[in-house]
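**Q** starting from these lines, generate the structure:
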Amino acid sequence: MSAIAELPRRLAMAHRTTPVLALGLIVGAGALVHALLALRSPSPWIVPDELIYSELAKSIAAGHLPAVRGVTTFGYGLVYPIVVAPAWLLTRITSAYAAAKVINAVLISLVAVPAYALARHFVGRRLAVVVAALSVLAPASMYAGTILVENALYPLFVLALLTMARALERPTVGRQLAVVAAVAVAYETKPSALALAPAYLCAIWLHALLRRRRGGLRPYRFSFAVLGGGAAVAVAASAAAGQPGRILGAYAVVVHHLDPVQIPWWFLFHLADLDLYVAIVPFAATLLVTCMAVTRRVVDARAAMFVAIAVPVIAWTVALSAAFASWPSAGAAGLPATTARVYERSTFEVVVLLLLGLAIWIEAGLPRPRRLTAIAIVVAAALPALVPVSKLSFNANFQAMAVVPALAVGATGLAWVAVAVVAGALAAIVFLGSTAANARSAWVLVGAWFVVVSLFVFASVSDSARQTRSAAFGGSPTWIDDAVGSSGSPVAVLWREPGSGIAAPSMRQRVVWIDEFFNRRVGAVYELGGEMSYGLPATRVTVRDGVVDGADGRPVRSPLVLALCSTGIVGRVVADDPATGAAVFRTDGVVRIDGGRSVGCSTSGRTPSSVRPPTRRR
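**A** Prediction:
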């Protein structure tokens, strides 16, 4: 009898623990799968981005302030370098690289936890678990194989959305303080997450408007004072210092290169990319829920809260990415002026909101007001055709993953428009044909599309990583450290580029970046002639009578120098990589070059020759 009496309590406990078990399974399985895929990558390939974050992590692991090439910087955020820094406590860099990718896999899979908690504010447990699972399955999980900040930003961005929902639900000072803290942490992860601050303030206003609450802004005085006032002070201080974009850290360059005419177009293109990213149906459902809330067709408080959060967060996030895209030349990187990008890398975090929009629509019984439904499905089905696929081939496998399948099969131009029309029609059929009994078809479509995109992206990034590996080193990636040991003088880098100005990115530059990534002994970088792309810290040098002089006119001194063979370093080769033409030279203490001739390199891997330095007194 006692067992029967305990049955209701045990059933209730099982009902409560089931989501916990489901989340544990989602996070664990996601981390395992993403780690296994990530560990297959033989080399960093998104460079110098991955080099930058590895440099920051190495610096922090060594007990120093975050620095790139020895130059302290806080412009890239602190959170991600701190989180992955323990990996660089490992002695062997290849082991540290593998450990960092495992950390990434865990980080990006942890998004399931805040995604589930956020969804539970709007839908039941079952749909919340589906949202959590798909958030981990999203193609962005491919970032786990890269040393990029997006691995940490994804869960923290969704956590910030969760704090917003809690604050809108009950605006206590504590909950508002949680929003401020979450936004601050997201900002310290990646400065572009600053878009969350104005989005939250707009969400407060929109929520009060949709709920028709008089004085609805008054309970949020704390939020407006801290976020609004703090942002105003920061912008004013930056302007007074002559650096109006300083609040964006390393991304401040966009402030000086905005093209207001292009921004609306790129805003539209980014929306179209998001629509395609989620297989159209979630975008249509979110748009329909939004239209219903705005036209008062739905009075449900949860739907109004969702719209109040989703609309400004998506709008501000996409607007910031559109601003970056309005400067397509990326001049600091030395790219051609025609280079165009969709910065999906900076917008994919809002995909959770689109998945949640679909869940809310299903939870509400799949309502379809005729006019609003027509608007939602026509807009959602038509948008993908606007994606400029043919212009996005540059770095699409990490900047615009949604178009990678189209690029892989050669569907560009009119062919892409035809494919997009068919895809839109299929999505419309699924959207209009969904019922309470077969609503899972919409989720199956989204999940299947995520898997397809991920497979194409994985194949593409694997190829990019292999190409970078073969171009950057021939044997062991730690060949420099293996040759010169773990202690002693650092190995200076002399980069010699013909001409002047910023050189276009090339595989030759990747030789230097990848050698820096894998070898702790690589130190200061000196640039002779043209500048390496992307503007990493480096010292400009000149040559006088064969001696390399620094900016102060004094000779550059380093007993060990890494350079390509064609640079003509005077000295004895102590190690070289015949596959790339890179070599480490031992000098007499002063860095010299011999008229630009190819000297001192072994082309066969055998004992290299040495060159007698020219006579010069200083």
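**Q** got any ranges where the chain has weak pLDDT?
**A** 1-17, 214-215, 237-246, 252-257, 297-299, 328-340, 595-618 (pLDDT under 70).
**Q** so what are the domain limits for it?
**A** Domain assignment for the chain by automatic domain parsing gives 258-464, 479-586.
**Q** can you give me the end-to-end distance of the last one?
**A** What that stands for is domain 479-586. One end of domain 479-586 sits 15 Å from the other (CA to CA, to the nearest Å).
**Q** could you say which helix or strand holds Leu37?
**A** Using DSSP states H and E, Leu37 sits in helix 2-38.
**Q** now do the helices in the stretch 201-350 of the chain.
**A** For the stretch 201-350 of the chain, helices defined by DSSP state H, counting those that start in this stretch occupy the ranges 221-223, 229-240, 263-277, 281-294, 301-325.
**Q** meant to ask about the stretch 501-618 of the chain, not that
**A** Here the stretch 501-618 of the chain has its helices, by DSSP H, counting those that start in this stretch, at 507-518.
**Q** what's near enough to touch the residue nearest the centre of the chain?
**A** By CA atoms, centre = their mean, the mean C-alpha position of the chain lies nearest to Glu150, the distance being 3.7 Å. Neighbour list for Glu150: 108, 140, 143, 190, 345, 348 [criterion: CB atoms under 8 Å, 6 or more residues apart in numbering]. (C-beta placed from N, C-alpha, C; glycine too.)
**Q** quick one: closest of the helices of the stretch 201-350 of the chain to Ser41.
**A** The closest of the helices of the stretch 201-350 of the chain to Ser41 is helix 263-277. By CB to CB, the value is 22.3 Å.
**Q** what's the angle from the closest one to helix 281-294?
**A** Going by axes from the mean of the first three to the mean of the last three CA atoms, to 10 degrees, helix 263-277 is angled at 120 degrees with respect to helix 281-294.
**Q** would you mind listing the buried residues in helix 263-277?
**A** Residues of helix 263-277 classed as buried by neighbour count (16 or more other CB atoms under 10 Å): 263, 266-267, 269-277.
**Q** also stretch 396-409?
**A** Under the neighbour-count criterion of 16+ other CB under 10 Å, stretch 396-409 has 396-407 buried.
**Q** cool, and stretch 95-115?
**A** Burial within stretch 95-115, assessed by neighbour count using 16+ other CB under 10 Å, is assigned to 96-115.
**Q** put the alpha carbons of the helix or strand where Arg175 lies into PDB.
**A** Element membership of Arg175 [criterion: DSSP H and E] is helix 173-189. The C-alpha trace of helix 173-189 is given here as PDB (Å, rounded to 0.1, in the frame of the first residue of the first chain):
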ATOM      1  CA  VAL A 173      16.100  44.900  -9.800                       C
ATOM      2  CA  GLY A 174      17.800  41.600  -9.400                       C
ATOM      3  CA  ARG A 175      16.500  40.300 -12.700                       C
ATOM      4  CA  GLN A 176      17.400  43.500 -14.500                       C
ATOM      5  CA  LEU A 177      20.900  43.300 -12.900                       C
ATOM      6  CA  ALA A 178      21.200  39.800 -14.300                       C
ATOM      7  CA  VAL A 179      20.500  41.100 -17.800                       C
ATOM      8  CA  VAL A 180      23.100  43.800 -17.400                       C
ATOM      9  CA  ALA A 181      25.600  41.200 -16.200                       C
ATOM     10  CA  ALA A 182      24.800  38.800 -19.000                       C
ATOM     11  CA  VAL A 183      25.100  41.500 -21.700                       C
ATOM     12  CA  ALA A 184      28.400  42.600 -20.100                       C
ATOM     13  CA  VAL A 185      29.800  39.000 -20.200                       C
ATOM     14  CA  ALA A 186      28.600  38.600 -23.800                       C
ATOM     15  CA  TYR A 187      30.300  41.900 -24.700                       C
ATOM     16  CA  GLU A 188      33.500  40.800 -23.100                       C
ATOM     17  CA  THR A 189      33.300  37.600 -25.100                       C
END
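**Q** distance between that helix and the chain's centre?
**A** 20 Å (CA atoms, centre = their mean, to the nearest Å).
**Q** tell me what the longest strand seen in the chain is packed against?
**A** If you go by DSSP state E, the chain has its longest strand at strand 491-502. The helices and strands touching strand 491-502, judged by 3 or more CB pairs under 8 Å, 6 or more residues apart in numbering; DSSP states H and E, are helix 507-518, strand 522-531, strand 560-564.
**Q** got a list of contacts for the first one?
**A** So the one you mean is helix 507-518. Contacts to helix 507-518, defined as CB under 8 Å, 6+ apart, come from residues 43-44, 47-48, 50-51, 54-55, 69, 93-94, 97, 468-469, 471-473, 477-478, 480-481, 493, 495, 503, 522, 525, 532-533, 562, 564, 580-582.
**Q** cool, thanks, signing off.
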